[in-house]
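Asker: return a 3D structure for these sequence lines:
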Amino acid sequence: MYYKTLKLWKKNIMNLITINKIIEELESNLSMLKDLKEESIVLDSKRESCWPNFKYLEGEIVGNLTKTRTMALDDKGYIHSLGYKSDMHIVTDTLEDSIEKKEKGYKGFIGNVKASDGYTYFLPAWSSTLGKLNRSTGEITIEEKFGSCPQIRSGAEGANGIIYMPTYTRTLKIYTFNPATGEIDNFTPPKPTTGGFFSSFGHIWGAASDKEGQIYMPPALNSSVAKIDTNGEFKYLDGPPVNSGVSGYSVKYVGATYVESVNKVFCLPRTGKTILVINCSDDSYEEIDLPADYLKVANKNKNFNGFLAPDGWLYSAFWGDTKCFRVNPHTYEVQWKDYEKDFADGKPTVQEGSGIMSPGTGFSTCALTKGQDVYLGLAGTSKAVKLEY
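Answerer: All right, here's what the predicted structure looks like:
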């Protein structure tokens, strides 16, 4: 009798364990479905008639030049932008939506990396120094690190904590920076072998790391996608030549953005006619055509760099004109809109409304997402732009 009772208890306990496991699995599945539904609702809600609102920030910084190509947010809500080819330190107050030019400026920087050590690093193109933002204090410091101007265009932090910085040079150099030791180094990877004459041109502009710390770098002038794995090893991905619909000295891709929800890197073009999508799970890649009606009216220099917006789409940053395109990372749907009237700001022309003297200096450059807003880097206009989602 006792044996039968114990056996029955054991059976009941096993049933309870099984039921609990089933409940846990159902709860997990429901949570996943809820997340997918919410993401789908966000993406589906942003159809052609629903685009972010355009807003000029308070304050003006005049001049016929590209003022900055960097943006770094500190913990107090201020965005710091250092100068590109002019001495500049622009501070954007995201609470007051205003810009201010500081008395002391810095020159020669393009691109920045938000590192895991609490600093954001400004990368040098036309400078021999490395800029540092202490995100907790908002303090900017400059360190002499290079013997000459290295022509770095972007960077990303790898799994080993090292920041890898490709250069826009024919004989490609990859600079490395170890935040723990402060050491700068570099190496020269092999030349690409696919794509004809320009395959030997190293030039890389963009870089992005995935959740594993792998770094992907799209081609600027050559036709190969580069990668640095978690061990710091460099290689070119297997696949067809990347052409982006252009050839010669036309810059194909100028940036790279990782989208964790799909585990892919999206690279938006500058003069190219396609969007490059790299699948981080298997290192495959493909190019998506931009809409034909958009290409008919768009400026050759379509985009400076892309950004992942609060609505889940990837957007281009205005460069040679007032047009913006976006891509849905889940469906690859591409849409575009012209913000000409917004840039004109009630004035007869875009030039009067924005203060731009030459479209060659750009309507904006990089972009930074904060909450439900995106702030765009001040380029040739005198006013800075914010997009509200």
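
Asker: quick one, helices of the protein?
Answerer: 2-45, 292-297, 340-344, 350-354 (DSSP state H).

Asker: please name every helix or strand in contact with the last one.
Answerer: The elements that helix 350-354 packs onto, with contact taken as 3 or more C-beta pairs under 8 Å, 6 or more residues apart in numbering; DSSP states H and E, are helix 340-344. C-betas here are computed from N, CA, C, even on glycine.

Asker: and the contacts of the helix it packs on?
Answerer: By C-beta atoms under 8 Å, 6 or more residues apart in numbering, the residues outside helix 340-344 that reach it are 54, 322-323, 350, 352-354, 363, 381.

Asker: nearest to residue 312 among these?
Answerer: Using C-beta to C-beta, residue 54 comes nearest to residue 312 of those, at 19.5 Å.

Asker: thinking that closest one is in contact with residue 387, fair?
Answerer: Yes. Proximity of residue 54 to residue 387 meets the contact threshold set by C-beta atoms under 8 Å, at 6.4 Å.

Asker: so which of the two has more stuff around it?
Answerer: More crowded of residue 54 and residue 387, by other C-beta atoms under 10 Å: residue 387, with 25 against 18.

Asker: and for the more buried one, nearest residue in space, chain neighbours not counted?
Answerer: In this structure, residue 387 finds its nearest non-sequential neighbour in residue 52, 4.0 Å apart by C-beta to C-beta, 6 or more residues apart in numbering.

Asker: just residue 337 next, same as before
Answerer: Of all residues not flanking residue 337 in the chain, residue 51 sits nearest, at 5.3 Å (C-beta to C-beta, 6+ apart).

Asker: that neighbour and residue 338 touch, don't they?
Answerer: No. Taking contacts as C-beta under 8 Å, residue 51 lies outside contact range of residue 338: 10.5 Å.

Asker: quick check: residue 86 vs residue 68, distance?
Answerer: Using C-beta to C-beta, to the nearest Å, residue 86 is found at 9 Å from residue 68.

Asker: who's more crowded, the two?
Answerer: Between residue 86 and residue 68, counting by other C-beta under 10 Å, residue 68 is the more crowded of the two (28 against 14).

Asker: how about the more buried one, what does it touch?
Answerer: Each residue near residue 68 by C-beta under 8 Å, 6+ apart is listed here: 81-84, 88, 90, 109, 365-366, 377-379.

Asker: how about 6 Å then?
Answerer: Contacts for residue 68 (C-beta atoms under 6 Å, 6 or more residues apart in numbering) come out as 81, 84, 88, 90, 377-378.

Asker: using TSV, lay out those residues together with pLDDT.
Answerer: Below are the contacts of residue 68 laid out as TSV (pLDDT from 0 to 100):
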residue	pLDDT
81	98
84	96
88	97
90	98
377	97
378	96
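
Asker: out of those residues, who's nearest residue 289?
Answerer: Nearest to residue 289 among the contacts of residue 68 is residue 377, at 27.3 Å by C-beta to C-beta.

Asker: from residue 83, how far out is the closest one?
Answerer: 11 Å.

Asker: with residue 178 instead?
Answerer: Distance from residue 178 to residue 83, counting by C-beta to C-beta: 26 Å.

Asker: compare these two and say which is more crowded by neighbours.
Answerer: Taking neighbours as other C-beta under 10 Å, residue 178 and residue 83 compare with residue 83 leading, 25 against 13.

Asker: what's the neighbour count on the nearest residue to the more buried one once chain neighbours are set aside?
Answerer: Once flanking residues are discounted, residue 83 sits nearest to residue 107: 4.5 Å by C-beta to C-beta, 6+ apart. Per other C-beta under 10 Å, the neighbour tally for residue 107 reads 16.

Asker: thought residue 107 was touching residue 84?
Answerer: No. Using C-beta atoms under 6 Å, residue 107 makes no contact with residue 84, being 7.6 Å away.

Asker: tell me the mean pLDDT over stretch 337-349?
Answerer: Stretch 337-349 carries an average pLDDT of 98.

Asker: kindly report the same for stretch 323-332.
Answerer: Average pLDDT, stretch 323-332: 98.

Asker: could you do stretch 57-69 as well?
Answerer: Computed over stretch 57-69, the average pLDDT equals 96.

Asker: quote the end-to-end distance of it.
Answerer: One end of stretch 57-69 to the other measures 18 Å (C-alpha to C-alpha, to the nearest Å).

Asker: identify each buried residue in it, please.
Answerer: The neighbour-count check on stretch 57-69 (16 or more other C-beta atoms under 10 Å) flags 57, 59, 61, 65-69 as buried.
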